[in-house]
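# here is my input, please return the structure:
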Amino acid sequence: MQYRVQGIVIRSMDYGENNKIITLFTREIGKVAIIVRGAKKVKSRYSSVAQLFTCGDYLFFKSGTLGTLNHADIVESNHHLREELYKTSYASYMAELTDRMLGDQEANVFLYEQLLAAYQGLDSDKDMQIIMHIYEMKIWMQSGYQPELDECVSCRSSSGEMRFSAGMGGILCDRCRSKDPQALPLSAGTLKLIRLFARMDIRRLGQIDVKPETKESLKKLMRSYFDTHIGLVLKSRNFLDQMDKYGI
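Sure thing, here's the model as predicted:
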C-alpha cells in the first residue's frame with residue numbers, strides 16, 4: 001500500500017552499506033519505519049531527508065513491517081538542531097521519548113503538532129528546558145500518565161500549601177503530606193508552572209523567563225514522576241545529565 005505523509009525523523013540508523021532505516025512520526029498515521037535506499041551515498045538525493053529532526057513530505061510503499069521510500073521533499077530541515085550541542089541534545093531527548101512511548105501507526109495529530117512546535121521553539125532560541133518539560137507533559141497526558149495537579153490526590157482539597165507526590169500521582173495538601181514523606185516541596189510559582197504546562201499549547205509559547213531555582217525544582221519534579229510511573233531508560237536523558245554535571 002502506498003502512503004503520502006508529512007513526518008518528522010525521530011530516529012535514523014544505518015542499514016547495509018548505503019542505506020538507512022528512519023522512523024518517522026507522521027501527522028497522518030503516527031509512527032512508521034521506512035528504508036531509504038542510497039541515503040548514505042555522498043550524492044544521494046535522499047541523504048538530507050533521512051537526517052534526524054528533518055520535517056518533510058514522504059511518499060513510501062509499505063507491505064510488511066518496513067516501508068520503502070519512493071520520494072520525499074523537505075518541509076523544514078531543522079539543521080540548526082543538528083549543529084548546536086544543546087539543541088541537538090534536547091531535540092534528541094524529545095525524539096527518543098516519542099519513539100519509546102508511542103506504538104507504531106497510532107495517529108496523534110495534536111502530539112505531532114506539539115513536537116513540530118517544540119523543534120521550532122528550540123530553533124528560535126526559546127527556553128530549551130521549559131519546552132522539554134511542556135512536551136513531556138503533553139506526551140504523558142496523551143499516553144494516559146497525566147498527574148493530578150488541580151486537587152490533593154488524597155482528600156481532593158484545592159487550597160493551601162501543596163507538595164508533589166510522585167508515588168501518589170500528583171499534589172498533596174498540607175494536611176495529607178504525611179501520607180508521602182518523600183513528597184517534594186512546591187513553591188506557588190512551581191505549582192503555577194506545572195499547571196500551565198498541562199494546559200499550554202507549545203504553538204502559542206512565547207519567550208518565558210523562569211528563575212534558575214524554579215527550573216531546578218521543575219526538573220526534580222518531572223524526573224521523579226517519570227521515573228516512578230514510566231521508568232524508561234533513555235540514552236538522550238543520560239547525555240543531558242552528563243552535560244549538566246560537567247557544565248558542558
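
# what residue of this protein is the furthest out?
In the chain, counting by C-alpha atoms, centre = their mean, residue 175 sits farthest out from the average C-alpha position, at 34.6 Å.

# measure that one to residue 156 for me?
Noted for residue 175: a distance of 11 Å to residue 156, by C-beta to C-beta, to the nearest Å. Every residue, glycine included, has its C-beta placed from N, CA and C.

# same check, this time on residue 96
Going from residue 96 to residue 156 by C-beta to C-beta gives 36 Å.

# same question, residue 28
40 Å.

# the two: which has the busier surroundings?
Neighbours per residue (other C-beta atoms under 10 Å) separate residue 28 from residue 156, with residue 28 holding more: 14 against 11.

# and the pLDDT for the residue nearest to residue 102 when sequence neighbours are not counted?
Nearest-residue entry for residue 102: residue 31, 5.1 Å, with adjacent residues in sequence omitted and distances by C-beta to C-beta, 6 or more residues apart in numbering. Per-residue pLDDT puts residue 31 at 96.

# hang on, residue 44 in a helix?
No - applying DSSP: H, G, I helix; E, B strand; the rest coil, one finds residue 44 to be coil, outside a helix.

# does it touch residue 38 like I think?
Yes - applying C-beta atoms under 8 Å, one finds residue 44 in contact with residue 38, separated by 4.6 Å.

# overlap of the contact sets of these two?
Common neighbours of residue 44 and residue 38 (criterion: C-beta atoms under 8 Å, 6 or more residues apart in numbering): residue 18.

# contacts only, for the residue nearest the centre of the chain.
The centroid of the chain falls nearest to residue 94 when counting by C-alpha atoms, centre = their mean (3.0 Å). For residue 94, the contacting residues are 115, 118-119, 132, 135, by C-beta under 8 Å, 6+ apart.

# in three-state terms, label it for me.
For residue 94, the secondary structure call by three-state DSSP comes out as helix.

# may I see the buried residues of stretch 41-49?
44, 46, 49 (16 or more other C-beta atoms under 10 Å).

# for the protein, longest strand please?
Criterion DSSP state E: the longest strand present in the chain is strand 2-15.

# who are the packing partners of whichever helix or strand comes after it?
For strand 2-15, the following helix or strand on the C-terminal side (DSSP states H and E) is strand 19-26. In terms of contacts (3 or more C-beta pairs under 8 Å, 6 or more residues apart in numbering; DSSP states H and E), strand 19-26 is packed against strand 2-15, strand 30-36, helix 85-101, helix 109-123.
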